[in-house]
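Chemist: got a structure for you, letters missing:
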């Protein structure tokens, strides 16, 4: 379970209602392990997805059928922007896979760079 907390006066507190609900589900009196990772700006993350939702909603008609949903559109634009890994399947065929943009995989600086590249890609391709 992921749980967003902030430290205040030496104690951990949930950062929002969702985090509070998750914290309430933790077992009382039992030890738990916490793995610390500094997260990128959550507002920037939400802005990124809101941007994709708006672009996807307003795709030209001739492009609407290229992607079945906004998530596949996002991944395609990220890959067009160079954000992918090349891998080989069991048949020896090469193919591309989008990289993860999960909080723990991408810091704020790398996420901002991806965001700018994606906006440029969409501006030139769409």
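Modeler: Sure thing, it's come through. This one's a predicted model, so the numbers in the text were calculated from it and none came from an experiment. Numbers count the residues shown, from 1 in each chain.

Chemist: mind telling me what element the closest residue to residue 89 other than its chain neighbours is part of?
Modeler: Of all residues not flanking residue 89 in the chain, residue 95 sits nearest, at 6.6 Å (CB to CB, 6 or more residues apart in numbering). Just so you know, the C-beta spots here come from the backbone N, C-alpha and C atoms, and that holds for glycine as well. In this structure, residue 95 is located in strand 94-98 according to DSSP states H and E.

Chemist: what packs against that strand?
Modeler: Here strand 94-98 touches helix 70-80, strand 84-88, going by 3 or more CB pairs under 8 Å, 6 or more residues apart in numbering; DSSP states H and E.

Chemist: of all the ones you listed, which one comes closest to residue 109?
Modeler: helix 70-80 (16.5 Å; CB to CB).

Chemist: would you quantify the distance from the residue of the chain most remote from its centre to residue 18?
Modeler: Computed with CA atoms, centre = their mean, the maximum C-alpha offset from the centroid of the chain is found at residue 29, amounting to 33.2 Å. Counting by CB to CB, to the nearest Å, the separation of residue 29 from residue 18 is 23 Å.
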